[in-house]
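**Student:** What follows is a predicted protein model with its sequence.
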Amino acid sequence: MNSAFQLNPSNYFFCFFLLPMLVVAQDSLRIVVAKPGDGIYSLLRENGINPTKFYNQFVALNDGNLGEDEVLYMGRTYFLPDTLSVQKVDKIQDEIEYPIFGENFAKVDSISNRLGDTVYYLISGHGGPDPGAVERYNGKLIAEDEYAYDVTLRLARELLSHGAEVHIIVQDGNDGIRDDRILEVDKDEIVIPDQTIPLKQLARLKQRTEAVNDLYSKNRGKYQRLLVTHVDSRSRGTNIDVFFYHHEKSKNGKRLAECIHQTFLRKYRKFQPNRVYNGTFMERSGLYVVKNTLPAMAYIEIGNLKSKKDQRRILDPDNRQALAKWISEGILLDYESSKIGTSK
């Protein structure tokens, strides 16, 4: 597998090894019947299985028994992943360990090589001395940068599983992916390779922009894209859907934002048919990172931290995982449509 990963040099290590693909004999597995309203995340969680770690194994085990967008059929029987054992099958799978994801999520299975010729740069908003939007939830402080970072890590993991080369620009070496509702606020994030994040806003934006542009120059000639993730901050009563920005002069950036937007539209129609999705994609070249970074890019706002409705979406770890997965599916759509010359 040709995936690469950019880490803080003080933490730059990973193990490469071959393991049999995680599949077990089906007669040794637990089974469960899908009830009305069940999705894969809730079904796994209800049965004591971490959906972040075992979602893909569930899909592989139940291949052919899932609907469009991996929806469950009410009343059908599904196999649950065996979380304790790994047995031999006739296919070998690469597995790489990335400590940046944390102990429980460090190992990333190779699902495909659909993004094998791509390079992605991921920036989570704010960090270091700047937590971004902050709010109190049940008496505890919650901050934009922690939730944007968690979604970014989950997105990186999804892209890596499809063979992409991924560079996480803002990093926190001791957080990793966290399946908690309240993510502890800290200020120890850095910008790669090991730069302290400055206090002044313009200096912060320049620092991460230069990190992306330097890597872009080194990878010139490759298929390169940038994703920036933020959590918006508006008045308390304003809930917003996920929406996307791109540079006004970038056809590739427009296609990227549009493909992710189309994916969200499709998912909402499937999973929330009685709710209108109001998220948009639009030009917004005045933002510093949008204006000054070299790769085609999409700038993503995943909700309003001050809205009680949006908090339910952002604080739920399964929702953060779903956001990352849907974004990754839009990225796959963008790359594969670019290869066949559609959506120009």
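**Tutor:** That came through, no problem.
**Student:** show me where pLDDT drops low in the protein?
**Tutor:** Applying pLDDT under 70 to the chain picks out residues 1-27, 84-94, 234-240, 341-344.
**Student:** residue contacts, the residue nearest the centre of it?
**Tutor:** Closest residue to the average C-alpha location of the chain: Leu155 at 1.8 Å, with Cα atoms, centre = their mean. Neighbour list for Leu155: Leu122, Leu227, Thr229, Ala324, Ile327, Ser328 [criterion: Cβ atoms under 8 Å, 6 or more residues apart in numbering]. For glycine as for every other residue, the C-beta is placed from the backbone atoms N, C-alpha and C.
**Student:** helices or strands next to the helix or strand harbouring the second one in the packing?
**Tutor:** Pointing back at Leu227 there. According to DSSP states H and E, Leu227 maps onto strand 223-232. Other helices and strands packing on strand 223-232, by 3 or more Cβ pairs under 8 Å, 6 or more residues apart in numbering; DSSP states H and E, are strand 118-124, helix 144-161, strand 296-304, helix 317-340.
**Student:** closest to Val290 out of those?
**Tutor:** Val290 lies closest, by Cβ to Cβ, to one member of the helices and strands packed on strand 223-232: strand 296-304, at 5.6 Å.
**Student:** strands paired with that closest one, and their directions?
**Tutor:** If you go by DSSP bridges, strand 296-304 pairs up with strand 223-232 (parallel), strand 243-246 (antiparallel).
**Student:** Of the contacts of Leu155, just the buried ones, PyMOL syntax please.
**Tutor:** To isolate the buried ones among these in PyMOL, judged by 16 or more other Cβ atoms under 10 Å, type:
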select buried, resi 122+227+229+324+327+328
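**Student:** Between the contacts of Leu155, which sits nearest Ile192?
**Tutor:** Lowest distance from Ile192 to those (Cβ to Cβ) belongs to Leu122, with 10.9 Å.
**Student:** OK, contacts around the closest one?
**Tutor:** By Cβ under 8 Å, 6+ apart, the residues touching Leu122 are Thr152, Leu155, Ala156, Val166, His167, Ile168, Ile169, Leu226, Leu227, Val228, Thr229.
**Student:** Distance check, the nearest residue to the second one once chain neighbours are set aside against Ile314.
**Tutor:** Which is Leu155. Distance criterion Cβ to Cβ, 6 or more residues apart in numbering; nearest residue to Leu155, sequence neighbours excluded, is Ala324 at 4.3 Å. Going from Ala324 to Ile314 by Cβ to Cβ, to the nearest Å gives 12 Å.
**Student:** Check Ser110 too.
**Tutor:** Taking Cβ to Cβ as the measure, Ser110 and Ile314 are separated by 29 Å.
**Student:** same question, Pro36
**Tutor:** For Pro36, the distance to Ile314 - Cβ to Cβ - is 26 Å.
**Student:** So for the two, which sits in the more crowded spot?
**Tutor:** Neighbour count, other Cβ atoms under 10 Å: between Pro36 and Ile314, Ile314 has more, with 25 against 6.
**Student:** Out of the contacts of Leu155, which two are the most distant from each other?
**Tutor:** Using Cβ to Cβ, the two most remote members of those are Thr229 and Ser328, lying 12.3 Å apart.
**Student:** about what we covered before: which stretch among the strands paired with strand 296-304 comes nearest Thr263?
**Tutor:** Here strand 243-246 is closest among those (Cβ to Cβ), at 10.6 Å.
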